[in-house]
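Asks: Sequence and predicted structure are below.
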Amino acid sequence: MATVERRSAKAALDFSDPQYYISRELSWIEFNRRVLHEALDDRTPLLEALKFLAIFSTNLDEYFMVRVAALKQQIEAQVTRRSPDGRSPQEHLDAISRALRPIVEQQHQTFTTELRQQMAQAGIWLLDYDDLTAAQQTYCRDYFEEQIFPVLTPLAVDPGHPFPYISNLSLNLAVVVEDPRTQQPHFARVKVPRVLPRFIPLPEPKGKKREDGPGRWRGVPLEQVIAANLSALFPGMVVQEHYSFRITRNADLAVEEDEADDLMLAIEQELRKRRRGGSAVRMEIQRATPGPVRAMLMEELGLAETDVYDIDGLLGLGDLMTFMALPLPDLKTPSWTATVPAALDSLNPPGVDDDDTALETAEDLFSLLRRQELLVHHPYHSFSATVQRFITQAAHDPQVLAIKMTLYRTSGDSPIVNSLISAAENGKQVTVLVELKARFDEENNINWARKLEQSGVHVVYGLVGLKTHCKVTLIVRREGSQIRRYYHIGTGNYNPKTARLYTDLGLLSARDDVGADISDLFNYLTGYSRQQVYRQLLVAPLTLRQRLVSLIEHEIACQKKGKDGRIILKMNSLVDPSLIALLYQASQAGVEIDLIVRGICCLRPGVPEVSDRIRVISIVGQFLEHSRILYFRQGGQEVVLLGSADWMPRNLDRRVEVMVPITDAALQEELTAMLKSCLQDNRQAWDMAADGSYSQRRPAANEETRSVQVQLMAAAARASAG
């Protein structure tokens, strides 16, 4: 009886109560804190540490441009709606400021006091201008006159010169000069040009080496060279002081799709606005900047004290990524060369990874897919030897009649797009849905759309009010008197560059029922279809949410019947309140739940009587974890899904997403083993606590180190060698 009463008490809990949810905004900050930790970890090679510092900075830039900017807009519009965690927009802004300041302080202190010293010990001398020898300063003056001075444009601020527009993410010098005749101070702004290298390399000293010894690279920040030569910009004036500052602006697009006669034109117009940027949302400034200069900048930019971040040392540490280009493999993680899946190995001629001609003449891939489904896992498996090969062969196969594809993001020199153009030139019917609203890739996608259209490809831009985020390719092929469909469904973009950096999964197959679903999906995307039912696919915003609810509810029902309930979910973000509440109910019912959530997680694990059967980990490693895999035991009738959707309201309700069930027993087993390896990771895994904080796992003294990414690289190498 006591057990029944306890369960009744659990069922009566109100899961709309804010106490059960972590702030989405603060959870993201915790994720970026984990990124920063990789730079602090003494196990991280030096140049990789600089890379993680740079990623931390660029992540933070985007966070301010989008998330903080959105909160500011809500405050301006007097939005009073609270988020699921109970905070108002203003309360969120205040909490963000409190949470970020010590982390940003830690980032800059780590670089200034630790990593720059380690760089010097490794022979990478990032010097300050004041520490240069006389010969090096002479070199910098010559470089300034020849390369920098012609590019600079000092902008005065006075009654005849209004305060200049400060562009988004620009690094600037606030300069105070004095007129010696009037002894009046004047303010000017000098923009540090992005068209020049941020760190200027210096030649090795000639003759006797300095005490610091020979270096593998030595250089000086561009802004310091400009600052040391400001007198050339203000002849006849006395340069009194100068201070660096950097601005972040609202960079989200506001496109009224319902009112846009031409979506591409509307987005192009918004992009022109973004290049200038919207209202300022953050200013990073040298801590030593005097009060009057600081106050003037804040007033002109419309910023409050909470929007200003005082920095010791260099601003704009995202530029540290340039050091990854140095040819110093001893200071980097060992490089990884993707392998060819064993099933494809016999089909690949030598040079297939680099030679498109070899791809075109290689043995038919389609015959393999008629016999078996193929699971590919990037970057462990070569993108060019799998997905790119699939599309390239289709483009040149005389039996292929049509190619249909969604294109969310791709690289600037995309071989995928070139193959689609070749297919159209070869007389095939090619339809590509280009998502023009892919954030920060809008301009790139507009360029590809135009290039595709000029080559005869049918280009469509998706559905009004929805982003098309799914990653799907359909190949229609004539085989005798039969028409057969081949397809690829993935978790990541058709981008060969990110396929070397992100972990993503893809399914290559020729299953009739899924192929028919994909045909229906493209009719929904390109025509006037009101398709509501699919045979196998889970499609957002039509069927995915309902199916996920059904799967969790069935797991609860199985648990109540004495069948051990089990859920394992791997995704990038878990935000959706209704699905979180359902997971809480599953935990209350006794279902064991493991969540592998790389980034934002709004669920609180380990809360007694609520989520004590839920565990959450995050994996941050050499590659960005990007794949989405869902596992439900379902009383022994296991359901395994992969696809493009995270569990966020935008993915489930405002995007076109696709999840596909994996029915092949061997592939199910492979994916399940992958999930279990993630859960056993004790090198890159972080455990989440109920308060939203994370602690990194470390192997015990006598415990073997287990990194899922290292294990998968080793497994791929063994399979390739065997």
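Replies: That came through fine. Residues are numbered from 1 along each chain as shown.
Asks: Okay, now the unreliable bits of the stretch 251-400 of the chain?
Replies: For the stretch 251-400 of the chain, the stretches with pLDDT under 70 are 252-277, 346, 348-363.
Asks: Could you pull out the strands in it for me?
Replies: 280-286, 308-311, 374-378, 400-407 (DSSP state E, counting those that start in this stretch).
Asks: Of those, give the one that comes closest to Glu609.
Replies: Taking C-beta to C-beta, strand 374-378 is the member of the strands of the stretch 251-400 of the chain nearest to Glu609, at 38.5 Å. Any C-beta I mention is one placed from the backbone N, CA and C, and that applies to glycine too.
Asks: Val620 contacts Arg33, doesn't it?
Replies: No - contact between Val620 and Arg33 fails when scored by C-beta atoms under 8 Å: they sit 10.0 Å apart.
Asks: So for the two, which sits in the more crowded spot?
Replies: The residue with more neighbours, out of Val620 and Arg33 and counting by other C-beta atoms under 10 Å, is Val620; that gives 23 against 20.
Asks: And the pLDDT for the more buried one?
Replies: At Val620, the model reports a pLDDT of 96.
Asks: Phe64 versus that one, what's the distance?
Replies: Per C-beta to C-beta, to the nearest Å, Val620 is found 21 Å from Phe64.
Asks: can you check Ile662 too?
Replies: Counting by C-beta to C-beta - Ile662 and Phe64 are separated by 39 Å.
Asks: Can you give me every residue that contacts the nearest residue to Ala54 once chain neighbours are set aside?
Replies: Among residues not flanking Ala54 along the chain, Met321 sits closest, at 3.9 Å (C-beta to C-beta, 6 or more residues apart in numbering). The contact partners of Met321, taken as C-beta atoms under 8 Å, 6 or more residues apart in numbering, are 50-51, 54-55, 58.
Asks: Tabulate these (CSV), appending secondary structure, pLDDT and neighbour count.
Replies: Listed next are these as CSV, based on DSSP: H, G, I helix; E, B strand; the rest coil; pLDDT from 0 to 100; neighbours: other C-beta atoms under 10 Å:
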residue, secondary structure, pLDDT, neighbour count
Leu50, helix, 97, 28
Lys51, helix, 96, 20
Ala54, helix, 97, 20
Ile55, helix, 96, 19
Thr58, helix, 96, 16
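Asks: Show me which positions of the longest strand along the chain end up buried.
Replies: The longest strand of the chain (DSSP state E) is strand 238-249. The neighbour-count check on strand 238-249 (16 or more other C-beta atoms under 10 Å) flags 239, 241-249 as buried.
Asks: List just the nearest of those residues to Ala402.
Replies: Nearest to Ala402 among those, counting by C-beta to C-beta, is Arg249 at 43.5 Å.
Asks: Give the next helix or strand downstream of the helix-or-strand element of the chain with minimal mean pLDDT.
Replies: Within the chain, no helix or strand scores below helix 2-11, which has a mean of 43 by mean pLDDT, DSSP states H and E. Toward the C-terminal end, the helix or strand that comes next after helix 2-11 (DSSP states H and E) is helix 24-40.
Asks: residues contacting the closest residue to Gln393 other than its chain neighbours?
Replies: Leaving aside its chain neighbours, Gln393 sits nearest to Leu365 (5.4 Å; criterion: C-beta to C-beta, 6+ apart). Taking C-beta under 8 Å, 6+ apart, we find Leu365 in contact with 344, 347, 389-390, 393.
Asks: For those residues, which single residue is the most surrounded?
Replies: Highest neighbour count within the contacts of Leu365: Arg389, with 26 neighbours (other C-beta under 10 Å).
Asks: so which pair among the contacts of Met321 is furthest apart in space?
Replies: Taking C-beta to C-beta as the measure, the contacts of Met321 span a maximum distance of 12.7 Å, between Leu50 and Thr58.
Asks: Name the next helix or strand downstream of the strand or helix carrying Thr110, please.
Replies: Here Thr110, judged by DSSP H and E, is contained in helix 89-110. Next helix or strand after helix 89-110 toward the C-terminus (DSSP H and E): helix 116-121.
Asks: Which strands or helices does that following helix pack on?
Replies: The contact analysis (3 or more C-beta pairs under 8 Å, 6 or more residues apart in numbering; DSSP states H and E) places helix 116-121 against helix 46-63, strand 124-126.
Asks: so what's Thr503 up against?
Replies: Applying C-beta under 8 Å, 6+ apart, we find Thr503 in contact with 377-380, 623-627, 709, 712.
Asks: And Leu569, by the same measure?
Replies: By C-beta under 8 Å, 6+ apart, the neighbours of Leu569 are 593-597, 629-631, 647.
Asks: so how far is Val376 from it?
Replies: Taking C-beta to C-beta, one finds Leu569 at 21 Å from Val376.
Asks: re earlier: redo the strands of the stretch 251-400 of the chain as CSV? Include distance to Gln696.
Replies: Shown next, in CSV, are the strands of the stretch 251-400 of the chain (distance: least, C-beta to C-beta, whole Å):
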stretch, distance to Gln696
strand 280-286, 28
strand 308-311, 26
strand 374-378, 25
strand 400-407, 37
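Asks: All set now, cheers.
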